[in-house]
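S.K.: Provide a 3D model corresponding to the input given below.
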Amino acid sequence: MAQDSVGLSSDYQFWMQKVSTWDQASTVETQQDTCLHLPRFQEFLRQMYEALKEMGLLCHVLSAFRFDIREVGLFTQGLGYAPADYYPGLLKNMVLSLVSELRENHLNGFNTQRRMTPERVRALSRVCVPLITLPDFEPLVEALLTCHGCEPQEVLWPEFFDAVSEAFLLKKISLPTSAVVCLWLRHLPSLEKAMLHLFEKLISSERNFLRIERFVRDSSLPEAACHPAIFRIVDETFRYALLETDGAPEILATIQVFTRCFLEALEKENKQLKFALRTYFPYASPSLVTALLQHPKDIPQGLWHQSLQHISEMLREIVEDQTHGSYGGPSDCWFAFIHFGGWADVAAEQLLRSEADPPEAVLWLLAFSYSPRDGSQQRAQTMEEVKAVLGRLLKLLRSPGFSARDVQAAAGQSREEAPRPLECGPLIRCLLLNFLLWAPGAHAIAQEVITLMAPTREITHEITGFLDQTLYRWDHLCTAAPASRKLASELLTELRGQV
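M.R.: Predicted coordinates for the structure are as follows:
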């Protein structure tokens with residue numbers, strides 16, 4: 001390094017003369033000389049940058065602690081070291097020393113003789129603001145975030161939190177989950193920015209469950225949400241977004257994906273669960289949450305109908321029996337239910353794959369999941385309409401052959417009318433799409449039926465979302481028949497090409 005420093009000094013004189021010559025003349029010979037030496041000049045500038053960077057950093061850090069870089073230089077010369085040899089090691093050792101001191105500060109917070117003063121911690125956090133994205137300073141940033149004193153007021157510099165949050169969201173810095181949790185607990189705006197950043201990514205791309213899962217996992221929110229306080233803030237943000245968007249499918253999908261990733265992280269962190277589930281879902285009945293937590297893939301398919309009936313009965317008791325209203329109203333129950341929305345999808349599928357009459361409990365569950373604000377009388381009417389459509393679809397299923405017009409009529413339109421777009425709600429469309437995927441006789445006419453079902457761009461998006469969600473769920477349940485999966489994939493590809 002000392003030889004490199006000497007070399008840079010001599011090279012500096014050489015290049016200053018060259019640049020002066022290039023600047024004073026514009027002859028052909030000068031241009032040729034410039035082209036010849038330009039790569040070497042670029043390499044010289046790179047070496048100069050690396051050398052200056054280490055000394056710029058040291059000046060910045062040492063100034064916060066009333067040290068002078070000239071004093072350090074005199075000391076190193078007395079030891080026989082060149083600055084280029086000593087500065088990088090000094091910087092590294094200084095960071096390690098500060099990290100060690102902060103960790104000791106954290107472990108001995110009440111031992112005033114061994115504690116770093118709040119003023120010094122605050123000054124250190126301020127010094128780190130422009131250095132946060134440098135790899136050498138990541139251990140110091142982490143140590144500052146995870147160091148807690150006994151002061152009633154936050155001691156870290158506000159701009160430090162802002163800078164760390166921005167760098168973390170832009171992937172300019174890597175932090176362990178423990179540091180991210182501390183960041184979001186100590187600085188609520190950072191958590192709010194993380195949620196907004198996730199929503200912006202969702203809005204800027206088409207609805208796709210695999211993409212949503214990638215965004216959610218990339219956000220670090222599921223792992224950090226293992227801390228109940230963070231989970232409650234994230235969950236309430238989702239609830240607010242759901243109300244503001246009037247139940248937008250993208251938000252519903254994100255809540256379901258987030259919940260699945262969160263439960264995976266929770267299980268990975270602690271098999272015994274540090275906190276009771278009611279800590280995360282205080283507005284829902286613990287028995288209901290326990291039932292919803294049973295993933296369909298962990299239950300034999302032959303017992304799915306029993307689980308659906310049990311879930312439906314508990315929800316119905318809370319929603320419609322006012323004497324058991326200790327866990328909130330319909331909106332709270334619905335919000336808890338949609339976290340585990342796979343059960344509603346399983347219910348719709350089961351109705352189309354069963355030859356028996358549709359159970360009232362499953363009909364009620366579907367009606368509630370699609371229209372939670374309906375009263376008992378309106379929900380009962382929806383159940384009757386769904387039951388009638390199911391009866392006609394199951395009748396088609398047993399017939400030797402049927403056309404797209406027959407399916408159109410089963411949805412509630414007269415067979416005598418000319419073919420026109422189907423006018424039915426999302427729940428009826430859900431049943432029709434399940435019928436197309438599971439009825440072998442419907443595969444050949446599926447595209448024609450969907451053309452009738454989707455007269456608008458909005459409904460086309462809805463059907464695209466249903467197919468994408470269905471394939472995503474089948475991937476996790478491993479329940480799809482090859483023919484059904486192939487049809488769903490083909491329909492999804494074609495519809496995405498149209499929008």
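
S.K.: what about Leu363, neighbour count?
M.R.: 21 (other CB atoms under 10 Å). Where you see a C-beta, it was placed from the backbone N, CA and C, and this is true even at glycine.

S.K.: distance between whichever strand or helix holds it and the chain's centre?
M.R.: For Leu363, the host element (DSSP states H and E) is helix 360-370. Relative to its parent chain, helix 360-370 has a centroid offset of 29 Å by CA atoms, centre = their mean, to the nearest Å.

S.K.: give me the below-cutoff pLDDT ranges for the stretch 101-250 of the chain.
M.R.: Under the criterion pLDDT under 70, the flagged ranges of the stretch 101-250 of the chain are 105-115, 149-150.

S.K.: against which helices or strands is the next helix or strand after the helix holding Leu363 packed?
M.R.: Towards the C-terminus, the helix or strand next in line after helix 360-370, according to DSSP H and E, is helix 376-398. Using 3 or more CB pairs under 8 Å, 6 or more residues apart in numbering; DSSP states H and E, the elements in contact with helix 376-398 are helix 342-353, helix 360-370, helix 404-410, helix 426-438.

S.K.: tell me the angle of the helix holding Leu363 relative to helix 426-438?
M.R.: On the basis of axes from the mean of the first three to the mean of the last three CA atoms, to 10 degrees, helix 360-370 is oriented at 120 degrees to helix 426-438.

S.K.: packing partners for helix 360-370?
M.R.: Packed against helix 360-370 by the contact rule (3+ CB pairs under 8 Å, 6+ apart) you find helix 304-320, helix 330-338, helix 342-353, helix 376-398, helix 426-438.

S.K.: checking Phe44 next. Helix, strand or coil?
M.R.: helix (DSSP: H, G, I helix; E, B strand; the rest coil).

S.K.: about what we covered before: out of the helices and strands packed on helix 360-370, flag the one nearest Leu191.
M.R.: Ranking the helices and strands packed on helix 360-370 by distance to Leu191, with CB to CB as the measure, places helix 330-338 first at 19.9 Å.

S.K.: could you dump the helices and strands packed on helix 376-398 to JSON lines with distance to His310?
M.R.: Output for the helices and strands packed on helix 376-398, formatted as JSON lines (distance: least, CB to CB, whole Å):
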{"stretch": "helix 342-353", "distance to His310": "11"}
{"stretch": "helix 360-370", "distance to His310": "9"}
{"stretch": "helix 404-410", "distance to His310": "30"}
{"stretch": "helix 426-438", "distance to His310": "22"}
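
S.K.: how about those helices, which one is nearest Asp321?
M.R.: The closest approach between Asp321 and any of the helices and strands packed on helix 376-398, judged by CB to CB, belongs to helix 360-370 at 13.0 Å.

S.K.: list the buried ones in the helix holding Leu363?
M.R.: Counting neighbours by 16 or more other CB atoms under 10 Å, one finds that the buried residues in helix 360-370 are 361-370.

S.K.: the domain parsing of this structure - what is it?
M.R.: According to automatic domain parsing, the chain comprises the domains 1-123, 399-499.

S.K.: mean pLDDT for those: which is lowest?
M.R.: When mean pLDDT is averaged over each of the domains of the chain, domain 1-123 scores lowest at a mean of 64.

S.K.: Arg211 in helix, strand or coil?
M.R.: In terms of secondary structure, Arg211 is helix; the call rests on three-state DSSP.

S.K.: any idea how far Ser205 is from it?
M.R.: 6 Å (CB to CB, to the nearest Å).

S.K.: more neighbours: those two, which one.
M.R.: For Arg211 and Ser205, the more surrounded residue by other CB under 10 Å is Arg211, and the numbers stand at 15 against 12.

S.K.: Ser204 is in contact with that one, correct?
M.R.: No. In this structure, Arg211 sits apart from Ser204 without contact. The criterion is CB atoms under 8 Å, and the distance is 10.7 Å.

S.K.: most centrally placed residue in the chain?
M.R.: Val216 (1.6 Å; CA atoms, centre = their mean).

S.K.: what sits against it?
M.R.: With contact set as CB atoms under 8 Å, 6 or more residues apart in numbering, Val216 has these partners: 198, 222, 254, 257-258, 261.

S.K.: now do 10 Å
M.R.: With contacts taken as CB atoms under 10 Å, 6 or more residues apart in numbering, Val216 has the following neighbours: 198, 201-202, 222, 254-255, 257-262.

S.K.: mind listing which of these are in strands?
M.R.: Per DSSP state E, strands hold no members of the contacts of Val216.

S.K.: out of those residues, who's nearest Leu102?
M.R.: Each of the contacts of Val216 was checked against Leu102 using CB to CB; the closest is Pro222, at 27.9 Å.

S.K.: with adjacent residues omitted, what lies nearest to that closest one?
M.R.: Closest residue to Pro222 apart from its sequence neighbours, by CB to CB, 6 or more residues apart in numbering: Cys261 at 3.9 Å.

S.K.: give me every residue that touches the one you found.
M.R.: Counted by CB under 10 Å, 6+ apart, Cys261 has contacts 213, 216-217, 219, 221-223, 225.

S.K.: and for Gln498?
M.R.: Gln498 makes contacts with 454, 457, 460, 464, as judged by CB under 10 Å, 6+ apart.

S.K.: tell me the spacing between it and Leu432.
M.R.: As judged by CB to CB, Gln498 and Leu432 stand 19 Å apart.

S.K.: just Leu315 next, same as before
M.R.: For Leu315, the distance to Leu432 - CB to CB - is 25 Å.

S.K.: and if you look at Leu393?
M.R.: Taking CB to CB, one finds Leu393 at 8 Å from Leu432.

S.K.: anything in contact with each of those two?
M.R.: With contacts taken as CB under 10 Å, 6+ apart, the residues that reach both Leu393 and Leu432 are 352, 407, 410-411, 442.

S.K.: now list the buried members of these.
M.R.: Burial of these was assessed by neighbour count (16+ other CB under 10 Å); the buried members are 352, 407, 410-411, 442.

S.K.: turn these into JSON lines, including distance to Pro482.
M.R.: Formatted as JSON lines, those follow (distance: CB to CB, whole Å):
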{"residue": "Leu352", "distance to Pro482": "18"}
{"residue": "Val407", "distance to Pro482": "23"}
{"residue": "Ala410", "distance to Pro482": "26"}
{"residue": "Ala411", "distance to Pro482": "27"}
{"residue": "Ala442", "distance to Pro482": "16"}
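
S.K.: can you report how many residues neighbour Val99?
M.R.: Using other CB under 10 Å as the criterion, Val99 is surrounded by 19 other residues.

S.K.: any idea which element it lies in?
M.R.: Assignment of secondary structure by DSSP H and E places Val99 within helix 83-107.

S.K.: check which element follows that helix along the chain.
M.R.: Next along the chain after helix 83-107, taking DSSP H and E as the criterion, comes helix 118-128.

S.K.: alpha carbons only: can I get that next one in PDB?
M.R.: Coordinates of each C-alpha in helix 118-128 appear next as PDB, following Å, rounded to 0.1, in the frame of the first residue of the first chain:
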ATOM      1  CA  PRO A 118     -27.200   9.200  25.200                       C
ATOM      2  CA  GLU A 119     -25.500  12.300  23.700                       C
ATOM      3  CA  ARG A 120     -22.700  10.200  22.300                       C
ATOM      4  CA  VAL A 121     -25.100   7.600  20.800                       C
ATOM      5  CA  ARG A 122     -27.100  10.500  19.200                       C
ATOM      6  CA  ALA A 123     -24.000  12.000  17.800                       C
ATOM      7  CA  LEU A 124     -22.900   8.700  16.400                       C
ATOM      8  CA  SER A 125     -26.200   8.100  14.700                       C
ATOM      9  CA  ARG A 126     -26.000  11.600  13.200                       C
ATOM     10  CA  VAL A 127     -22.500  10.800  11.900                       C
ATOM     11  CA  CYS A 128     -23.700   7.600  10.200                       C
END
